[in-house]
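Q: Prediction below, plus the sequence it came from.
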Amino acid sequence: MTIELNLPIFQKIGAVADALGLECYVVGGYVRDLLLKRPSKDIDVVVVGNGIQMAEEFAKSLGRGARIAVFKSYGTAQVKHKGIEIEFVGARKESYQRESRNPIVECGTLEDDQLRRDFTINAMAVCLNEKRLGELIDPFGGVRHLDLKMIKTPCNPDITFSDDPLRMMRAIRFATQFGFFLEESTFEAITKNKERIKIITKERIILEINKIMESPQPSTGFLLMEKSGLLPFVFPELDKLKGVEKRNGRGHKDNFLHSLKVLDNVALKSDDLWLRWAALLHDIGKPATKEWDEQVGWTFKNHNYVGYKMIPAIFRNLKLPLGEPLKFVQKIVLLHMRPIVLIEDEISDSAVRRLLFDAGDDIDKLMLLCEADITSGNQEKVNLYLNNFKIVRQKLVEVEEKDRIRNFQPPIKGEEIMQLFDLPPGKVVGDLKTQIKDAILDGIIPNEYDAALQLLFKIAEEKGLKAKTDL
Ligand code: CTP
């Protein structure tokens, strides 16, 4: 089979390899993505011989515009040219391990190199030498497996996974990204070797989890992690959401499956990675708050608040970013019950104002999550809730137009209060500010400076505070 290579740079590499008398191939993800018609940026080239020498000659042939970085101990070199990155490596007999600290010494044939890659679909090579340009070398059936939508290791999966246990997560990630399935012996080997994932750094694992999160149907990955037994090692808090307990014939939802459904629902509507994380974690506080009540059955009181409190430690453990993404996910998890409570009670202007104030610019994302959170099997019930949410959305627009609460800043600042009443910073000033804010949110006064000032003087008088006379 011949593959049409889509970049002129491949011919150039082939010409340099011919001049050096070396065989040279583009391999791995690039070939896979070409066949899947997916965009791909990184190009990996295997040279049967010295990869670094080849890279140096190639960079020379490109002239000034090319930059080269040599990683001697890895036996690799990277050439950057016109926004394209090409990594050169000599064919190896042992496992292909980017992160390995040991120098890679033993050279091998192309097939040795292909055999020690992770999956058959990632082990295809296309020749770059002029006479064989485009020739596909596919000793393990990668093309057929792409057609079958199958993830399979090229050699005994126990060897593939013990060479690099991260590959267990990669298998699940590729299955999720592409909508493929795991071939039986490959899946079995993951269940068998699951504990070996412990030796992999969390930084590498989270890259795979985030690629799962960014897939069209992220639940696939988490279900495979659960089924293979990897989940408790990589994400114990999520694992704890599993299961249903029954008492007196009354059960509750399986919160693991429910969270995955909400995640998939959000993924249908939004590519926002952090909103997807909020969806996955929105009920994470449920196991810790679960209680049995004879009257109402199972309860999960304040699970949103407990979840909000749990999230920083989860982010830290998983090595997720602790800045804005963490704050955002916490906020959405904390607020995720508010719109539904709004429906159950009467939708008052003041409750809507408070929600707008607390959610700020994230209100639309919060509403999206709340709608995704309706996962009942009863379509009538779903329609009823969705319709009520429509009313809430309408009300949000009306109140926002009228009162501009979304980016609400109290019209009187603390400094001004301190100046007016000659107060030091402290609780008294804080209380005055809160009372003004509450009065605005409750609709007692409009969101305007004069009205706020008037109220401030009134409250101050009641508290026996005297305004400075020299103002
Ligand atoms: N590879 C491997 N084992 C790993 C990582 C990578 O065998 N643990 C091999 C595979 O042949 C893979 C190639 O190295 O195709 C390039 O790896 P990488 O760039 O990490 O992944 P891609 O397969 O290109 O996929 P993606 O870019 O989506 O991560």
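A: Perfect, I can see it now.
Q: ok, now which ones touch whichever residue of the chain sits closest to the ligand?
A: Distance from the ligand to each residue of the chain (Cβ to the nearest ligand atom) is smallest for residue 29, at 2.1 Å. Heads up, the C-betas are built off the backbone N, CA and C, glycines and all. For residue 29, the contacting residues are 40, 42, 44, 122, taking Cβ atoms under 8 Å, 6 or more residues apart in numbering as the criterion.
Q: what's the pLDDT at it?
A: At residue 29, the pLDDT value in this model is 95.
Q: Let's have the contacts of residue 29 in CSV, adding neighbour count and distance to residue 353.
A: Supplementary listing: the contacts of residue 29 in CSV, determined by neighbours: other Cβ atoms under 10 Å; distance: Cβ to Cβ, whole Å:
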residue, neighbour count, distance to residue 353
40, 14, 49
42, 13, 50
44, 21, 56
122, 24, 54
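Q: Could you export these as TSV, including pLDDT, secondary structure and distance to the ligand?
A: Shown next, in TSV, are those (pLDDT from 0 to 100; DSSP: H, G, I helix; E, B strand; the rest coil; distance: Cβ to the nearest ligand atom, whole Å):
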residue	pLDDT	secondary structure	distance to the ligand
40	85	coil	7
42	88	strand	5
44	96	strand	5
122	97	helix	3
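Q: For the nearest residue to residue 69 once chain neighbours are set aside, which three-state class applies?
A: Across the structure, with Cβ to Cβ, 6 or more residues apart in numbering as the measure, the residue nearest residue 69 apart from its sequence neighbours is residue 78 (4.8 Å). Using DSSP: H, G, I helix; E, B strand; the rest coil, the secondary structure recorded for residue 78 is strand.
Q: Bridge partners for residue 78, pull those for me.
A: On DSSP bridges, the residues paired with residue 78 through beta bridges are residue 69, residue 87.
Q: Can you get me a residue count around it?
A: Residue 78: 17 surrounding residues under other Cβ atoms under 10 Å.
Q: again with residue 197
A: For residue 197, the number of neighbouring residues by other Cβ under 10 Å comes to 21.
Q: For it, give me the pLDDT.
A: The per-residue pLDDT reported for residue 197 equals 96.
Q: Which parts of the helix or strand harbouring residue 433 count as buried, going by neighbours?
A: For residue 433, the host element (DSSP states H and E) is helix 427-441. By neighbour count with 16 or more other Cβ atoms under 10 Å, helix 427-441 contains the buried residues 428, 429, 432, 433, 435, 436, 437, 439, 440, 441.
Q: near the ligand, which of the residues you listed show up?
A: When Cβ under 6 Å from any ligand atom is applied, no member of the buried residues of helix 427-441 is adjacent to the ligand.
Q: hang on, the earlier thing: which strands or helices does the helix holding residue 433 pack on?
A: With contacts defined as 3 or more Cβ pairs under 8 Å, 6 or more residues apart in numbering; DSSP states H and E, the packing partners of helix 427-441 are helix 349-359, helix 414-421, helix 449-462.
Q: Out of those, which is the most enclosed?
A: helix 349-359 (a mean of 19; mean count of other Cβ atoms under 10 Å).
Q: now for that helix, which elements pack on it?
A: Packed on helix 349-359, when contacts are counted by 3+ Cβ pairs under 8 Å, 6+ apart, are helix 324-335, helix 338-344, helix 363-372, helix 379-403, helix 427-441.
Q: same thing but at 7 Å, please
A: Here helix 349-359 is seen to pack against helix 338-344, helix 379-403, helix 427-441 when contacts are counted using 3 or more Cβ pairs under 7 Å, 6 or more residues apart in numbering; DSSP states H and E.
Q: still on that earlier bit, what's next to the helix holding residue 433, contact-wise?
A: Around helix 427-441, the neighbours that count as contacts under Cβ atoms under 7 Å, 6 or more residues apart in numbering are 350, 353-354, 357, 410, 412, 414, 417-418, 423, 445, 447, 452, 455-456, 459-460.
Q: Low-confidence ranges, the stretch 301-450 of the chain, go.
A: Residue ranges of the stretch 301-450 of the chain with pLDDT under 70: 345.
Q: Contact partners for residue 27?
A: Applying Cβ under 7 Å, 6+ apart, the residues contacting residue 27 are 44, 46, 125.
Q: Excluding chain neighbours, give the residue nearest to the last one in space.
A: Here the nearest residue to residue 125 in space, its sequence neighbours aside, is residue 25; by Cβ to Cβ, 6+ apart that works out to 3.9 Å.
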